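Participant: could you look at this predicted model? Sequence included:
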Amino acid sequence: MKQVLVWLLIVSCAAPAASQPSGSTTKKRSTAKGAATAKAPAAKPPAVTAEDLRALREALAAQQQQILQLQQELRQHDAQWQQAQQAAQQAQAAANQAETKAAEVATAATEASSGMNQLKSDVADVKLNQTNAAVSTQEDQKRIGALEGLLGRFRFSGDMRVRGESFAQDNAVDRFRARIRARLGIDGKLGEDFTGGIYLATGAVVNGAPDFKDPVSTNETLTSFFERKTIGVDRGWITYNPAAHKWLSLTGGKWAYSWTRTPMTWDNDTNPEGFNEKISLELSNKVFKNFQAQAIQLLFNEVGGVQDSNAVGGSFQTRMQLGKRWTLIPVYNILNWNNADAIAQAASPSGAGVRIINANTFSNASRVTGTGSAAVTRFVSGFLYNEVILDNTITTKWSRYPVRILIDYLQNPRAKLNPLNPATVDKQDKAYWFEGTIGQQRLRNDLQFGYSFARIEQDAVISQFNESDMRAATNVLQHRVYFNWLLRPNTTVSYTLWIGRTLNTALQNAARAPGIGPGGTDPWLKRQQLDLIYRF
């Protein structure tokens, strides 16, 4: 196509030029002919006129226009040809792709046919596995639920205390020691009507050997050449508290105090043993809100073939609301110690006896019966605790600073005059405890300030079971100042200063500083304690 169009263009451009030589040739031939015959003179060529030039320009313009049109047509034909080629190529590719897909579809159909049976088999396996998994999941959920229910009924708790302690007293050598106390326990519901628990605590080391003869302390002194510290059962009990009668609880074992008391009679670290029966009634009276009564049986020495020792009594208290801010809890405790001489023999043995209670220094009045290996230490007095406590709590406009005032008075009507102290005309049968605090220990950064005062005569209480940090257990005048800071919800920093002296150094078994004789004035013993306590 391109060659034809070029040829036409050449012919079109050459046509006018060809006509001119044709005339010249004729003229030449005529001239030649005339020359040959007559040899006449040559004629002049005609002059080119403006009209000829204009006609020539128009012819050239027309030819150029034709050339442009032919070029455009040529381009259009080329574009059409390329489009036709592309369409043909696309059609061929589509045909090839269709052929390939047809083959793939045929193969897939074959595979689908063979896989359908496998799919049916797999579906059946999946259904079976789902059924087995559902059964297994249900069984696992039951086991997990049972485990959660079991663990949910119990609670872990405990504490760790690190203490630095110093002693300073005139006529005596100053002393410093570091101590630790660790306690860990678990308690919870044993059933719908039963609760119980078991607690472990550090013991003590005496003469390089583990010792659990101190009922009033769970401290371990950092000494004895890095030896391992002792751990013993501190509490273990079961309480029956029927769901149908929440007001009733019956407890047996070794348990925490269930009645209101002060360190004047019982050390905070001592846990009584025996049985307790308690009723607690909520009251709707405007003033009286609650009433509690309980019977107490403490079993502290059982020996086959001889009379056992126990303390039997009870506790009664009520909670009174006196106005919006004042809560008063009056308490009356009575406790009769039967065959208490076993305590005197265990705490201060005579003759060939072995010391069994390694607790507070024995400070009650005592007498010895028998001689030699048959010598036995006994109390001069009997013991019957008649105790009245008034526990007052007063809230203030500063909610984090409530005020608590506690007053404790005790008299022992079974106290007797000691024949070894003929100058003593009064029975040593009374004890007083006063304590006041401001602040609380509930929220982070809570502060609490406290002061307590104690005056305990020689035979008011048994000296082996009350507060172990005083100057002496009985026959003592004691002050205490303390400060507690709840640094974190489970971390407390505490400082305590004990300042005490013996009340009457002339009494038998009185504690006296070195160089102080009977009747002399015992210098004040200053005992400082800095504690860091972590609870969990």
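Facilitator: That came in fine, so what should we check first?
Participant: from residue 152, how far out is residue 189?
Facilitator: As judged by Cβ to Cβ, to the nearest Å, residue 189 and residue 152 stand 9 Å apart. C-beta here means a position set from N, CA and C on the backbone, and glycine is covered the same way.
Participant: same thing with residue 508?
Facilitator: Separation of residue 508 from residue 152 (Cβ to Cβ): 56 Å.
Participant: these two - which one has more neighbours?
Facilitator: Neighbour totals were compared for residue 508 and residue 152, and residue 508 leads with 18 against 10 (other Cβ atoms under 10 Å).
Participant: distance of the more buried one from residue 368?
Facilitator: Residue 508 is 11 Å from residue 368, by Cβ to Cβ.
Participant: quick check: residue 306 vs residue 339, distance?
Facilitator: Distance, residue 306 to residue 339, using Cβ to Cβ: 9 Å.
Participant: looking at those two, which is more packed in?
Facilitator: Using other Cβ under 10 Å, the more surrounded residue of residue 306 and residue 339 is residue 339, with 16 against 10.
Participant: identify the residues contacting that one.
Facilitator: 301, 307-310 (Cβ atoms under 8 Å, 6 or more residues apart in numbering).
Participant: drop anything exposed from those.
Facilitator: Among the contacts of residue 339, those classed as buried by 16 or more other Cβ atoms under 10 Å are 301, 309-310.
Participant: and the strands in the stretch 301-450 of the chain?
Facilitator: Residue ranges of the strands in the stretch 301-450 of the chain, as given by DSSP state E, counting those that start in this stretch, are 309-322, 326-338, 366-369, 376-379, 384-394, 403-411, 430-439, 447-456.
Participant: ok, the third one: who's next to it in the sheet?
Facilitator: What that stands for is strand 366-369. Here strand 366-369 has these sheet partners by DSSP bridges: strand 376-379 (antiparallel).
Participant: list the buried residues in the partner strand.
Facilitator: For strand 376-379, a neighbour-count test (16+ other Cβ under 10 Å) marks 377-379 as buried.
Participant: need those residues in JSON lines with distance to residue 316 and pLDDT, can you?
Facilitator: Shown next, in JSON lines, are these (distance: Cβ to Cβ, whole Å; pLDDT from 0 to 100):
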{"residue": "377", "distance to residue 316": "34", "pLDDT": "89"}
{"residue": "378", "distance to residue 316": "32", "pLDDT": "92"}
{"residue": "379", "distance to residue 316": "27", "pLDDT": "95"}
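Participant: which among those residues gets closest to residue 50?
Facilitator: The nearest member of those to residue 50, counting by Cβ to Cβ, is residue 379 at 166.4 Å.
Participant: residues near the closest residue in space to that closest one that isn't next to it in sequence, how many?
Facilitator: Leaving aside its chain neighbours, residue 379 sits nearest to residue 344 (5.0 Å; criterion: Cβ to Cβ, 6 or more residues apart in numbering). Close neighbours of residue 344, defined as other Cβ under 10 Å, add up to 25.
Participant: quick one: residue 344 and residue 382 touch, right?
Facilitator: No: Residue 344 is not in contact with residue 382 according to Cβ atoms under 8 Å; the separation is 11.4 Å.
Participant: alpha carbons of stretch 92-102, in PDB - could you do that?
Facilitator: Coordinates of each C-alpha in stretch 92-102 appear next as PDB, following Å, rounded to 0.1, in the frame of the first residue of the first chain:
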ATOM      1  CA  GLN A  92      -5.100 -15.700  20.000                       C
ATOM      2  CA  ALA A  93      -4.000 -15.200  23.600                       C
ATOM      3  CA  ALA A  94      -7.600 -15.400  24.800                       C
ATOM      4  CA  ALA A  95      -8.000 -18.600  22.800                       C
ATOM      5  CA  ASN A  96      -4.900 -20.000  24.400                       C
ATOM      6  CA  GLN A  97      -6.000 -19.000  27.900                       C
ATOM      7  CA  ALA A  98      -9.400 -20.400  27.300                       C
ATOM      8  CA  GLU A  99      -7.900 -23.700  26.200                       C
ATOM      9  CA  THR A 100      -5.600 -23.700  29.300                       C
ATOM     10  CA  LYS A 101      -8.600 -22.900  31.600                       C
ATOM     11  CA  ALA A 102     -10.600 -25.600  30.000                       C
END
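Participant: now do that stretch: distance to the chain's middle.
Facilitator: Distance, stretch centre to chain centre, for stretch 92-102: 70 Å (Cα atoms, centre = their mean, to the nearest Å).
Participant: got the buried ones among the contacts of residue 339 as CSV, with pLDDT columns?
Facilitator: Listed next are the buried ones among the contacts of residue 339 as CSV, based on pLDDT from 0 to 100:
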residue, pLDDT
301, 93
309, 95
310, 97
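Participant: so residue 336 touches residue 314, yeah?
Facilitator: No: using Cβ under 8 Å, residue 336 makes no contact with residue 314, being 9.9 Å away.
Participant: distance to residue 387 added to the contacts of residue 339, as CSV?
Facilitator: Below are these laid out as CSV (distance: Cβ to Cβ, whole Å):
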residue, distance to residue 387
301, 22
307, 26
308, 24
309, 20
310, 18
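Participant: just give me the closest of those to residue 402.
Facilitator: Closest approach between the contacts of residue 339 and residue 402, by Cβ to Cβ: residue 310, at 38.3 Å.
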